[in-house]
Structures are given as structure tokens and as C-alpha cells.
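Peer 1: would you be able to build a 3D model of this:
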Amino acid sequence: MFSQLIIFSFLFDSLIHSLLSLSFIIFVLFRNKQTQEGALTIYQAPKKEEKLTQTQMLIFRERELRKRVIRPEWHAPWKLKRVQPGHLGWVRSCAVDVSNEWFATGAADRQIKIWDLASGQLKLTLTGHINTVMGLAISDRHPYLFSVGQDKLVKCWDLEQNKVTRHYHGHLSGVYCVAMHPTLDVFVTGGRDSSARVWDIRTKSCVRVLGGHTATVADIVCQGTDPQITTASHDNQIRMWDLGSGRCMSTLTHHKKSVRGLAMHPTEHCLASASTDNIKAWKYPEGTFMRNFVGHNTIINDVAINKDNVMVSGGNSYILASSTRYSINPN
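Peer 2: As a prediction, this is how the structure comes out:
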């Protein structure tokens, strides 16, 4: 009798166990079917005749944006190669020759120094300014070096004779920046008189006066297509100019503080602007805002972009390098 009870209890336990397992399997299958149907309903691409809810539209839009994001390229960390002593004051400007063999620096000691890029040796010292040299530009078609300073002077140096050959007069206050036009024999200067002036290299005449800023013009970039000239100012604005008519094509007012630096991408048709609040990316030719760059907690004085899609920004405290493949142009 006792053995029969044991057998009966064992069979009853086995039956209960089997029923529980079967019910659990049925529950899992039913739940997966509901989840799959719900997932297909939420994430499926919308058809033209379907009306989606607001939540479904937001989810689908987020998935589409994730597909468009391009991951940043990895670049090896940069290391300090050399320190160039020689100037007796703050170095305010630097320009590299198109041959990549030498570069020039201008400083508060009123001197312009030419350095060998490979060895770092000083090749030449040019004197002539009576105040801080604020900007330098090297022509890629002529053996000319252009310099501007706080002494209101704009000078053209002949690098074959190592002397000043032309002076350009017109600015009413200190000149802070200079940029060469890539295709025409003109260059553009900007300064504390809130204007940008376009100069003819050969005739030394002022071709255009670009007025509209209400504070110092801090930086200028030029390109061969419209807008051919872009200026940044301490009035928190960026202006894009038509060189032919001398009119402002568009004014960008997204920055909340003074804009101190501009940089054009060497291959993509876009622009980066540096300010105290952040760095912003713009798309030519309309000046469409694309995105912000964050990372600096100080005043950003300048920005540059190379062909490897690396953007370098210099602030009062440190230098920050980041990839532009992800941050400048998402398309």
C-alpha cells in the first residue's frame, strides 16, 4: 500500500510539472508573437497611404537620422615636435607657404621672421612695422608676402628682394586680418574700423569697402565661388559678401559673443566659426547652420581644418583637436 502511494504521488508530480512547462511554452510563444507584431508596426517604414501617430513618426525619424551619422575617423595623437624661440613678444600671426618648405610669423616685437619648416632655422627677419604685426598672408601665384598691423599699415613684401614694394593706405585704425583671394589678384583686409577692404595687388587701389559690421573685423576667408568673401567680427556676426557688387549676401547671427576665427574646409563646401561660446559649422552658399562644437571652456582665438578632416581650435588655455567628418558635414 505504501509503495502504491509513492508511485501515485510521483506520477501526480510529473503530470503537474508537464502542465506547467506546457503552459509556460504557450505563454512565451504568444508573447513573442505579440512583440514581433508590435515591433513591425512601430519600426516599419511608413507607407504613403498609412497615417502614423506622432510617437511612431518620431521613432522612425530618429532611426533615419542614425543611419545618416558618419562615424569619426581615428587619428594618431599629436606630439609637440619643436619650440621656435626668437620673437621678443607675443606671436600674433603665422602663415605657411604653399610649397610647405618655410613659414612666416609676426609678433608684438614688430618683426616678421621667416623659418625653415624642416630644420626650424631662422632664415630671414623683416622689419618695417612700427607696432604689432597682426596678420600675414602668402601669395601662391606671386613671390609676395602681405602683412598688416596695429600701426594701420598694409605692406607687400617682395620675397625675391626681401623688401617692401607696395603700401596700401585706407584703414582708419589698426588692421587685424588679411586673406588672399584664391583666383584673383586681390586680397582683403579687416580691422578695428569695422570695415573690410578689397585691394588690387598691382594698382594698390581699394576696389571695394565692405561696410556693415559695428565692431572690429577679426578674421576673413576667401573662396573662388560665391560668397567669395566671409568676414567675422566682434559684433557677434558673420557676413557673407558678393565681391562683384560689394553687397552683403547674408548675415549669420547665431553666435552670442564675438567671433574671432574662421576656417573653410579644404574639400567640403562648409565653414567653421570660432567664438567664446562654441564653434559652429555652416554650409555654403546660403550659410545654413549645421551644428555646434563644444569642448572649450575659454575664449577661442582661432580655428583651422586640414585635408585629413581634423579641426584644430586654439583657446586661451589649451588646444583642442577633433574630427570634422562627424561634426562638420553630416551628409
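Peer 1: quick one, domains of this structure?
Peer 2: The chain breaks down into these domains under automatic domain parsing: 2-68, 91-327.
Peer 1: okay, the ones you listed, which one's buried deepest?
Peer 2: domain 91-327 (a mean of 18; mean count of other Cβ atoms under 10 Å). Using the backbone N, CA and C atoms, a C-beta is placed for each residue, glycine as well.
Peer 1: average pLDDT across that one?
Peer 2: Mean pLDDT, computed over domain 91-327, is 91.
Peer 1: bridged to the most centrally placed residue in the chain, which residues?
Peer 2: In the chain, the residue lying closest to the centroid (Cα atoms, centre = their mean) is residue 272, at 3.0 Å. According to DSSP bridges, the residues that bridge with residue 272 are residue 263, residue 281.
Peer 1: and residue 114, by the same measure?
Peer 2: residue 104, residue 124.
Peer 1: hang on, the earlier thing: how about a markdown table for the domains of the chain, with distance to residue 80 added?
Peer 2: Converted to a markdown table, the domains of the chain look like this (distance: least, Cβ to Cβ, whole Å):
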| stretch | distance to residue 80 |
| --- | --- |
| domain 2-68 | 37 |
| domain 91-327 | 10 |
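Peer 1: those: which one's closest to residue 76?
Peer 2: domain 91-327 (10.4 Å; Cβ to Cβ).
Peer 1: still on that earlier bit, looking at it, the residue nearest to the centre of the chain is touching residue 283, isn't it?
Peer 2: No: using Cβ atoms under 8 Å, residue 272 is not in contact with residue 283; the gap is 11.0 Å.
Peer 1: for the nearest residue in space to residue 174 that is not next to it in sequence, give me its contacts.
Peer 2: Nearest non-adjacent residue to residue 174, counting by Cβ to Cβ, 6 or more residues apart in numbering: residue 150, 3.8 Å away. Each residue near residue 150 by Cβ atoms under 8 Å, 6 or more residues apart in numbering is listed here: 131, 132, 134, 174, 175, 176.
Peer 1: how near is residue 151 to residue 274?
Peer 2: Going from residue 151 to residue 274 by Cβ to Cβ, to the nearest Å gives 26 Å.
Peer 1: any idea what residue 149 is bridged to?
Peer 2: Beta-bridge partners of residue 149, as defined by DSSP bridges: residue 133.
Peer 1: likewise for the one 5 residues further on?
Peer 2: The residues listed as beta-bridge partners of residue 154 by DSSP bridges are residue 148, residue 168.
Peer 1: what sits against it?
Peer 2: Residues near residue 154 by Cβ under 8 Å, 6+ apart: 146, 147, 148, 167, 168, 169, 170, 171, 175, 178, 189, 199.
Peer 1: could you do residue 80 as well?
Peer 2: By Cβ under 8 Å, 6+ apart, the contact set of residue 80 is empty.
Peer 1: which SSE is residue 178 in?
Peer 2: strand 175-180 (DSSP states H and E).
Peer 1: which SSE is immediately downstream of that strand?
Peer 2: Following strand 175-180 toward the C-terminus (DSSP H and E): strand 186-191.
Peer 1: wait, a helix at residue 63?
Peer 2: Yes: with DSSP: H, G, I helix; E, B strand; the rest coil as the criterion, residue 63 is part of a helix.
Peer 1: do a quick rundown of the helices in the protein.
Peer 2: Assigned by DSSP state H, the helices in the chain fall at 2-43, 54-68, 324-327.
Peer 1: state the distance from the closest residue in space to residue 127 that isn't next to it in sequence to residue 187.
Peer 2: By the measure of Cβ to Cβ, 6+ apart, the closest residue to residue 127 outside its immediate chain neighbours is residue 111, 5.7 Å from it. Distance of residue 111 to residue 187, computed by Cβ to Cβ: 21 Å.
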